[in-house]
Structures are given as C-alpha cells and as structure tokens.
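J.: Fold the following.
(chains A and B)
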Amino acid sequence: DAGVIQSPRHEVTEMGQEVTLRCKPISGHDYLFWYRQTMMRGLELLIYFNNNVPIDDSGMPEDRFSAKMPNASFSTLKIQPSEPRDSAVYFCASSLVSMGGEYGYTFGSGTRLTVV
Amino acid sequence: GIQVEQSPPDLILQEGANSTLRCNFSDSVNNLQWFHQNPWGQLINLFYIPSGTKQNGRLSATTVATERYSLLYISSSQTTDSGVYFCAVKYNTNAGKSTFGDGTTLTVKP
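T.: The predicted model follows:
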C-alpha cells in the first residue's frame, strides 16, 4: 500500500481564493482524520470521519472550512475564502479501529498551505 | 477541557543514551497515542496505549491511566530519533476528539 496520499504537497494562494486539499486514505481503514499544525497552536484535530460519515467537526475553526468524504477512498478539505491565518500544514490520517483498539494509524505527508 | 502536559519540553542526548519522556493528562481518557515528528515534518504513530505497557524495538511506552500519566522510553538513542514527540489523548465522552500536548523536542547528537 502506498500509505495515505495527500495532494498537493505545497499550495500558495492569494487571500480570498478557494483552496481544496485532497486525501486518499489507506484501503480498508474506516477512520479518516484531518489535522492542522501551526507554530502558535500546535497540532489540532479539525474533523474526523467514520465509514465516510463526519462524526465530529467541532475542531473546524469556522464556516469557511468544510470537509467531505464522498467515498471510502477520497476526502477533501476546502477553505473558502482563504485568509493568511489559515497558513499551516494540513495533515490527513487514517486508521482502523476494532474492539481491541486502534491500528495502523498512518499520516500523510501533509500539505503546506501559504495564503498571501 | 482536558489538559495535556509533556515534559521535558526539550531534551539533548548523546547517541547511545537512554531517555524518558512524560505525558500528564488532567482527566480520564480512553485513548492515548504517542507520535514522532521527524525533522522533515513526517508524523509517525508510535504507540496506541490507553493502558499497560508496549514495546517496539528500542522504544517502549507505559500508561498508568488511574494516575493519569504515560511514559515513553527510548533506549540506546540514535540520531534518527531526533524530532518532536507528541502525546495525544481522547476524552472518555468523545472517542474521536484528540487533544495534543505541546511535544518534547529531542535532539540526539552523534
């Protein structure tokens, strides 16, 4: 398996533009997570899905952020309109959770977003 | 909300030395994970350890949930162990929402 695949690796956009980040989880994993990492706030969980259904989006900073998982192999995180304070590294992760615990928790390489 | 404190914030070791990283949390949890972020930014899950002890090569972890702490042990450290080690916990009442500590930055010198 190629692991969790995120695209693009780097994104530079102008303030006010729409940004879409993409994630392909590991096949067979039933949980997908979106994280954001900044120097000021550290690592934050934004939203997670179980079997393609959003379970908890309380970490999403505001209405400008939205996430979807139309099928088990693809998820998007969209920011519209983008602002300079959205600049961060966005990580996607997937895992398999069974009765015995959580397995195979794997992160993607991240998307470094810069909003100018 | 739950508070997660990691110590020490920074640690510098000579290659071959052993170390212990600590994670204290303020409330009951049903999930605790240790992650390593290497100097290139890659995040790697080390352990899923809500309680008990686990070992993986030179790394091991122990969580004492009743006393609200977890320890990560690194033995015979190598330069490739350098990076930031994060502890993340989940509340009992919300199985999916994680709170991260600020991390311990480890530098292993050759």
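J.: Quick check: residue A:29 touching residue A:92?
T.: No - counting by Cβ atoms under 8 Å, residue A:29 does not reach residue A:92; the two are 11.0 Å apart. Glycine gets a C-beta too; all of them are placed from N, C-alpha and C.
J.: ok, those two, which is more surrounded?
T.: Neighbour count, other Cβ atoms under 10 Å in any protein chain shown: between residue A:29 and residue A:92, residue A:92 has more, with 27 against 20.
J.: mind listing what the nearest residue to the more buried one once chain neighbours are set aside touches?
T.: Spatial nearest neighbour of residue A:92, excluding adjacent residues (Cβ to Cβ, 6 or more residues apart in numbering or on different chains): residue A:23 at 3.5 Å. Residues in contact with residue A:23, defined by Cβ atoms under 8 Å, 6 or more residues apart in numbering or on different chains, are A:4-6, A:32, A:34, A:74-77, A:92, A:108.
J.: Generate a PyMOL selection restricted to the buried subset of those.
T.: Selection of the buried residues among the contacts of residue A:23 in PyMOL, burial being defined by 16 or more other Cβ atoms under 10 Å in any protein chain shown:
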select buried, chain A and resi 4+5+6+32+34+75+77+92+108
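J.: Now flag whichever of the contacts of residue A:23 is closest to chain B.
T.: residue A:108 (8.7 Å; Cβ to the nearest Cβ).
J.: you'd agree residue B:27 is up against residue B:91?
T.: Yes - assessed by Cβ under 8 Å, residue B:27 is found in contact with residue B:91 at 6.8 Å.
J.: Comparing those two, which residue is more hemmed in?
T.: Neighbours per residue, other Cβ under 10 Å: of residue B:27 and residue B:91, the larger number sits with residue B:91, 18 against 14.
J.: can you tell me how far the more buried one sits from chain A?
T.: Note on residue B:91: its distance to chain A, by Cβ to the nearest Cβ, to the nearest Å, is 11 Å.
J.: returning to what we had before: among the contacts of residue A:23, which are in strands?
T.: Members of these lying in strands (criterion: DSSP state E): A:5-6, A:32, A:34, A:74-77, A:92.
J.: got CSV for those, with pLDDT too?
T.: Shown next, in CSV, are the ones in strands among the contacts of residue A:23 (pLDDT from 0 to 100):
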residue, pLDDT
A:5, 97
A:6, 98
A:32, 94
A:34, 96
A:74, 97
A:75, 98
A:76, 98
A:77, 98
A:92, 97
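J.: follow-up on the earlier one: and the residue nearest to residue A:92, how far from chain B?
T.: The separation that residue A:23 has from chain B, given Cβ to the nearest Cβ, amounts to 14 Å.
J.: Just list the residues touching residue 53, thanks.
T.: Looking at chain A here, since you left the chain open. With Cβ under 8 Å, 6+ apart, residue A:53 has these contacts: residue A:69.
J.: Correction: the question concerned chain B.
T.: Going by Cβ under 8 Å, 6+ apart, residue B:53 touches B:60-63.
J.: Kindly state the beta-bridge partners for the spatially most central residue of chain A.
T.: Against the mean C-alpha coordinate of chain A, by Cα atoms, centre = their mean, the closest residue is residue A:34 at 2.9 Å. Residue A:34 forms beta bridges with residue A:47, residue A:92, as assigned by DSSP bridges.
J.: hmm, back to that, please convert the ones in strands among the contacts of residue A:23 to CSV, extending it with distance to residue A:56.
T.: What follows is those, written out as CSV (distance: Cβ to Cβ, whole Å):
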residue, distance to residue A:56
A:5, 23
A:6, 21
A:32, 12
A:34, 11
A:74, 20
A:75, 15
A:76, 18
A:77, 15
A:92, 16
